Structures are given as structure tokens and as C-alpha cells.
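Novice: Build me a model:
(2 chains)
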Amino acid sequence: MARSVSIDELEIGMVLADPIYNNFGQILIGADSELTQRQIKVLKTWNVKYINIKDNQEEQPLELNPELIEMARERIRSRMDWEPRNYNEMDLFNTAVEFTARQLLNNNT
Amino acid sequence: MILSSIKIEELLRKVDDFPTLPTIYNTMMDLISNPRTTSVELSDLISKDQASAVKILKAVNSPIYGFYGRVTSITQAINLLGFEEIKNLITALTIMDIFNKSLSDTFVNPVDFWKHSIAVGIISRLIAYNVKAQNIESYFLSGILHDLGKLFFLKVIPNDYSKVLQYSIENKVYIRESEMRLLGITHTVVGELLAEKWSLPKDIRLSIRHHTNGFVNEDYNPLVAAIHIANVASSVFGLGYKWEHVIPKPNIEIWKHINLPTNFFEQSIQKIYYDYEESTKLLLKN
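Specialist: Purely as a prediction, here's the structure:
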């Protein structure tokens, strides 16, 4: 996963997720390069504001337990006065249950 | 029960009396709609308005447009996005500015409304990409502005409108139902009037007016349909509202027309959430 980082928060060794282009579309710094002190300085002089950086922590999806999923389902159900009626609505509802469960998990950890 | 303090005629007059959009906005729109305008001329005008210029660069470099830090000048932004998209972006930023400034002294937080609107904008744009819609650039702006009427109510009748919101939570009814009961008029109708007053594009007026139903009277309109679905989805995902509001029921007929893959939400949720987090940070930071 990449995240967007403000120029002021850049650190040496961060890995670029996307290449940096100049106004003519030429690549100045390639993707996957580790930023050096000099490059950060140059980016500042170019007045670049945000840069896409690769997250070094590998995304580790935490385990969702059945109670958490049930809690999420109830939370959404309590605000709904309808049942999913077709595949699209089931897709929406099930995705929301998992999404909410993950948020509950992240808020607790 | 109708709130005795407020009359429909009075609300309609408040729409008439509501401020027009700033002069600089109209100057920009005139320039953009002139086919002979060059990107340098437009860039010169935008650059004179420092605040707009900074906001445009921020937005262009945000995940909304995905140029992540690559766009460093207004001319470049115009060349990459095109006049139509720049026009939409300026409109969104101008209107957000009006309501952010004027609402800060009320106790209902307008930021929550904008967060919901940004979520609707992001989801409708993804729907547009997915169904290969035409005029994709209208989708984000229409999403951002679909609840214009609610912001108007919050601005002109903050106390009465908090009662409306309270009523819909306590009685578990849609906000538009409590608006009908307590005010006698809904945010969709008032929002459309305001959009007319501001001469916003027709597509946007239609989505403000019809997003709760999804159809324009009997007719299918892909943009309005996408806003309808995105509005339901952002509510199911809980993006943007702090309070426990009722999740709107989708109009089942819409699914038959819109033709979304049946795993669209499962496939898109990560991108939706990432774009939502980044965009709210950038657009709502002062």
C-alpha cells in the first residue's frame, strides 16, 4: 500500500511508490528508489507538496472473529429498515459488515 | 407538528436573500466558458487568487485526481485536468468555502456533512468509471453538492434544523420526512432552488433534487442514479455522519439500469476508504 506524505514529513530511506516527473513529463526520480537527503532537498526546491511513499509495514489483515462480525452486523441492522434484496445489495451489506468489523477491531487495538 | 417559528415563504425568501457566489468565481466561469480562452490566461486569473490557487494544487495532488505531488503549477493542473474539470473543482471549493466559513459558529458540525458529501462524491465517481459513464468529471462535484439544501438549512435556521435532525434520530425516520413534518419543505427542493440561483449546471441541479429517489421523475439518468446509490453506500459504510441516522433504502429499479458488477463494493471498499481518508484530510483542512 502506498500513502501520500507531505514534503515536510519525508525521511531519508523512504521508498517512492510512483516516479517523480518534471513539467515535461520526464522521470526525475524513479519509482522504488530510496530517498536521499539530497533528493529531499531538491524536491523542496521544486516546491513539491506531496509524494507517494510505499508503506514499509506489510499490510497484515488482522483476524476478524465471529463476535466482532456479529457486532458489526447488528450495528448496521439497527439503522436499516430494509433487507438486502439482490446480489448488489448483498454485496453492499456484506462489504459494509466486514468494513465495520475491521474498524471496530482497529479502534480496540 | 410544524415548528411554529418558521414558515415556508420565509424559507423561500431566505433562498432569494442568500449571498451570490463571489465575483472572482463568476469571472473565472466566464473565462472558462469562452472557447477562445487559453490555459495561460486562465492560469493567470486563478493565480491572482492565492487562496484558490493553493487549494486547487492541493486537490489536484490528492487521491481525488491521483497526481500525487506531481503537479506543481496551475498551468500544469489546467493542462492535465482540462477546463471542464477545473471548472467543477473551482465550483466545489467555492461552495465549500461559503459554508465552512459561515457555519463554524453553529453547534452542528458542518465537517460531518462535508465528509458524507465527499464520500458520496468518491463513490459516485468510482461507479462512473466502472460503468464507463460519459462526463465522468460531473460525478465528483454532484456528489459533493447533493446535500446543498441541508447546509443551507443549517446556515439559515440552525436551531430549528438541529431539531429536525434530532427528530429523525429519535423517531428513526429519514431526514427528509422530519423536514416535511417540521418545516414543510425538504432539503432537496430548497437545495435545487439555491443551485438555480447560483446557475449551477443542470446535472447538478437534478442530482440535488432527485438523489433520494434515483430517477428524474420517470426517467433514468445515470448521474442521478449513481448519486442515489453512492448516498446509500456511504451511509451503510458509516462514512461521514457521527449520529445514528437511518440508512436509506435503495430504489430497487435503479440496480436494473445501473448495471454494477455484483462484487463492485467488495472490490472497491479499500480504494473508497483510502480516497475518503486522504480527500477529507486535504479538503477539510484549513
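Novice: Could I get the full set of helices for the stretch 101-250 of chain B?
Specialist: For the stretch 101-250 of chain B, helices defined by DSSP state H, counting those that start in this stretch occupy the ranges B:110-130, B:137-145, B:148-156, B:158-170, B:175-182, B:187-197, B:202-210, B:222-236.
Novice: closest one to B:Ile78 among the ones you listed?
Specialist: helix B:137-145 (13.4 Å; C-beta to C-beta). For the C-beta atoms, the positions are set from N, CA and C on the backbone; glycine is no exception.
Novice: Now do the same for that closest one: mean pLDDT, whole number.
Specialist: The average pLDDT for helix B:137-145 rounds to 90.
Novice: Now tell me what touches that helix from outside.
Specialist: The contact list for helix B:137-145, computed with C-beta atoms under 8 Å, 6 or more residues apart in numbering or on different chains, reads B:64, B:82, B:84-85, B:88-89, B:91-92, B:95-96, B:114, B:117-125, B:127-128, B:133, B:191, B:195, B:200-201, B:203-204, B:207-208, B:223, B:226-227, B:230.
Novice: A:Leu28 - that's part of a strand, no?
Specialist: Yes: checked against DSSP: H, G, I helix; E, B strand; the rest coil, A:Leu28 lies within a strand.
Novice: There's contact between it and A:Leu16 in this structure, I believe.
Specialist: No: A:Leu28 is beyond contact range of A:Leu16, at 10.5 Å (criterion: C-beta atoms under 8 Å).
Novice: Count the neighbours of the closest residue to B:Val131 other than its chain neighbours for me.
Specialist: Distances taken as C-beta to C-beta, 6 or more residues apart in numbering or on different chains place B:Asn259 nearest to B:Val131, at 5.9 Å, with adjacent residues excluded. By other C-beta atoms under 10 Å in any protein chain shown, 11 other residues sit near B:Asn259.
Novice: still on that earlier bit, so which of the contacts of helix B:137-145 are also by chain A?
Specialist: Restricting the contacts of helix B:137-145 to those within reach of chain A (C-beta under 8 Å from any C-beta of the partner chain) leaves nothing.
Novice: Quick check on these: which are buried?
Specialist: B:64, B:85, B:88-89, B:91-92, B:95-96, B:114, B:117-125, B:127-128, B:133, B:191, B:195, B:200-201, B:203-204, B:207-208, B:223, B:226-227, B:230 (16 or more other C-beta atoms under 10 Å in any protein chain shown).
Novice: any idea how far B:Tyr161 is from B:Leu11?
Specialist: 11 Å (C-beta to C-beta, to the nearest Å).
Novice: Tell me which residues are up against the helix or strand hosting B:Gln267.
Specialist: Using DSSP states H and E, B:Gln267 sits in helix B:264-284. Here helix B:264-284 makes contact (C-beta under 8 Å, 6+ apart) with A:1, A:4, A:88, A:91-92, A:94-96, A:98-99, B:58-59, B:62-64, B:96, B:100, B:111, B:114-115, B:118-119, B:122-123, B:126-127, B:130, B:233, B:237, B:239, B:261.
Novice: any idea of the angle that helix forms with helix B:137-145?
Specialist: Angle, helix B:264-284 to helix B:137-145, by axes from the mean of the first three to the mean of the last three C-alpha atoms, to 10 degrees: 70 degrees.
Novice: give the contact list for B:Pro19.
Specialist: B:Ile98.
Novice: picking that back up, for the helix holding B:Gln267, what is the distance to the chain centroid?
Specialist: 16 Å (C-alpha atoms, centre = their mean, to the nearest Å).
Novice: Could you do stretch B:15-29 as well?
Specialist: On C-alpha atoms, centre = their mean, the centre of stretch B:15-29 falls 17 Å from that of its chain.
Novice: Give me the buried stretch members for that stretch, please.
Specialist: Buried, per 16+ other C-beta under 10 Å, within stretch B:15-29: B:Val15, B:Leu21, B:Ile24, B:Tyr25, B:Met28, B:Met29.
Novice: Extract the CA atoms of the longest helix anywhere in chain A and return them as PDB.
Specialist: In chain A, taking DSSP state H as the definition, the longest helix is helix A:87-108. Output of helix A:87-108 as PDB, limited to C-alpha atoms (Å, rounded to 0.1, in the frame of the first residue of the first chain):
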ATOM      1  CA  TYR A  87     -26.800  -9.500  -5.300                       C
ATOM      2  CA  ASN A  88     -25.800  -5.800  -5.400                       C
ATOM      3  CA  GLU A  89     -27.400  -5.100  -2.100                       C
ATOM      4  CA  MET A  90     -25.900  -8.300  -0.600                       C
ATOM      5  CA  ASP A  91     -22.500  -7.200  -1.800                       C
ATOM      6  CA  LEU A  92     -23.000  -3.800  -0.300                       C
ATOM      7  CA  PHE A  93     -24.300  -5.100   3.000                       C
ATOM      8  CA  ASN A  94     -21.700  -7.900   3.400                       C
ATOM      9  CA  THR A  95     -18.800  -5.500   2.500                       C
ATOM     10  CA  ALA A  96     -20.100  -3.000   5.000                       C
ATOM     11  CA  VAL A  97     -20.300  -5.600   7.700                       C
ATOM     12  CA  GLU A  98     -16.600  -6.600   7.200                       C
ATOM     13  CA  PHE A  99     -15.600  -3.000   6.800                       C
ATOM     14  CA  THR A 100     -17.300  -2.000  10.100                       C
ATOM     15  CA  ALA A 101     -15.900  -5.100  11.900                       C
ATOM     16  CA  ARG A 102     -12.400  -4.000  10.800                       C
ATOM     17  CA  GLN A 103     -13.000  -0.500  12.100                       C
ATOM     18  CA  LEU A 104     -14.200  -1.900  15.400                       C
ATOM     19  CA  LEU A 105     -11.100  -4.000  15.600                       C
ATOM     20  CA  ASN A 106      -8.800  -1.100  14.800                       C
ATOM     21  CA  ASN A 107     -10.400   1.100  17.400                       C
ATOM     22  CA  ASN A 108      -9.800  -1.500  20.000                       C
END
